[in-house]
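# Any chance you can model this:
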Amino acid sequence: MISQRRNALKKLFATVAGTVGLGLFAKAGAAAAAPDKEDKDVFNVVDDQDVPLFSGATKFKGLVFIAGKGAHFAGDIKAHTDHVLKELEKELLAAGSSMEKVLKVNVYLDDIKDYKEMNEVYKGRFGKKPPVRTTVAVAKGGVPGDSLVEIDCIAYV
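Next comes the predicted model:
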């Protein structure tokens, strides 16, 4: 499993380097920079006119990128965090991945005071080898849709 994560991270870095043009991983990046349409699976979120608004999940070269999930109901940070993590898990499973295959997580809190309680719910949800994580409190105005937390992630399939 460690070698799978390592290989997935190498693919992620190669894709980023190729897209940005850093040249650090020139050989791997060159192959990843020009994706074939068949290589990219997109799971769109549509508006009322059935026009794609954004992709809820995108699979590319063995990686899956899950868009930010929020909780749009009345509740506290623990209820919101639990809901969001369950929604992430559903998206990951639908894409052929799992919580244990997550490499990177971004957590956006409406209020940094919720950090400790969010962690209480978050802990253990990604298995014994959790992914790297960045957690920030959003600027004035909050997380969209009145959610107390929004979480996105990158995983391998």
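
# pLDDT-wise, which helix or strand of the protein ranks last?
When each helix and strand of the chain is scored by mean pLDDT, DSSP states H and E, helix 26-33 comes last, with a mean of 44.

# any idea which element residue 107 lies in?
strand 102-109 (DSSP states H and E).

# List the buried residues for that strand?
Of all the residues in strand 102-109, those buried under the rule 16 or more other Cβ atoms under 10 Å are 102, 103, 105, 107, 108, 109. Quick note: C-beta positions are derived from backbone N, CA and C, even for glycine.

# Reformat those residues into JSON lines and put pLDDT and distance to residue 65 next to each item.
Conversion of the buried residues of strand 102-109 to JSON lines gives the following (pLDDT from 0 to 100; distance: Cβ to Cβ, whole Å):
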{"residue": "102", "pLDDT": "98", "distance to residue 65": "11"}
{"residue": "103", "pLDDT": "98", "distance to residue 65": "10"}
{"residue": "105", "pLDDT": "98", "distance to residue 65": "12"}
{"residue": "107", "pLDDT": "98", "distance to residue 65": "16"}
{"residue": "108", "pLDDT": "97", "distance to residue 65": "16"}
{"residue": "109", "pLDDT": "97", "distance to residue 65": "21"}
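
# now those as CSV including distance to residue 84?
Listed next are those as CSV, based on distance: Cβ to Cβ, whole Å:
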residue, distance to residue 84
102, 13
103, 18
105, 11
107, 9
108, 10
109, 11
